[in-house]
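1. below is the sequence, then the predicted model.
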Amino acid sequence: MTITLRKEHPADAGPIAVLTEAAFRTAPHSSHTEHFIVDALRNADRLTLSLVAEDAGRIVGHVALSAVSLSSGDAGWHGLGPISVDPRRQGQGIGAALVHGALQWLRDRGAAGCVLLGDPGYYTRFGFKPYPQLALADVPAEYFMALPLASGVPQAEVTYDPLFGVTG
């Protein structure tokens, strides 16, 4: 198994949607709209990065990055996700490779930080952790985590792109 990371190509949109829907199909804390979110962000040119993982020319994973707004006015923060791995390939390090790749891309561009909504048992290994001064409305604090990349973590309410609310 040789996993290669690359930016998505226009022809990848369909396979990414199929992969994302499959990856979240049985996820208990999912809205099951993740594939619609990725498509909507792409169509509105609001994806900061869309990174795929390939194995033998087949897409087996995907991660999206998009800008988030902070009530403090601090700029340069991005949201990581959705992140998807082919259900038959989960547990093989593909998701970790995608997270590392996305974070390196942000570091290379001088991003201030990255936030995500996810399982602390998984994402803390990458340096993400909850910060009491940084919040996402209506989300339990332990599941909303941040990773500062340039400086500290501001006191702010985070808002994701409104397209995260699409349902179809």
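-> Cool, got the structure.
2. can you pull out the low-pLDDT segments for the chain?
-> For the chain, applying pLDDT under 70 flags the ranges 1.
3. which other helices and strands contact the biggest helix by length in it?
-> Longest helix in the chain, counting residues (DSSP state H): helix 94-108. In terms of contacts (3 or more CB pairs under 8 Å, 6 or more residues apart in numbering; DSSP states H and E), helix 94-108 is packed against strand 3-7, strand 49-55, strand 58-67, strand 77-85, strand 113-117. Just so you know, the C-beta spots here come from the backbone N, C-alpha and C atoms, and that holds for glycine as well.
4. got the buried residues for the first one?
-> Of the residues in strand 3-7, those buried under the neighbour-count criterion (16 or more other CB atoms under 10 Å) are Ile3, Leu5.
5. may I have that strand as PDB, with CA atoms only?
-> Output in PDB follows, covering the C-alpha atoms of strand 3-7 (Å, rounded to 0.1, in the frame of the first residue of the first chain):
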ATOM      1  CA  ILE A   3      -0.700   6.300  -0.300                       C
ATOM      2  CA  THR A   4      -0.200   9.400  -2.300                       C
ATOM      3  CA  LEU A   5      -1.700  12.800  -1.200                       C
ATOM      4  CA  ARG A   6      -2.600  15.400  -3.800                       C
ATOM      5  CA  LYS A   7      -5.000  18.300  -4.400                       C
END
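6. please identify the pairing partners of that strand and their relative orientation?
-> Applying DSSP bridges, strand 3-7 is found paired with strand 49-55 (antiparallel).
7. that older thread, next, the angle strand 77-85 makes with the longest helix of the chain.
-> Taking axes from the mean of the first three to the mean of the last three CA atoms, to 10 degrees, one finds helix 94-108 and strand 77-85 inclined to each other by 160 degrees.
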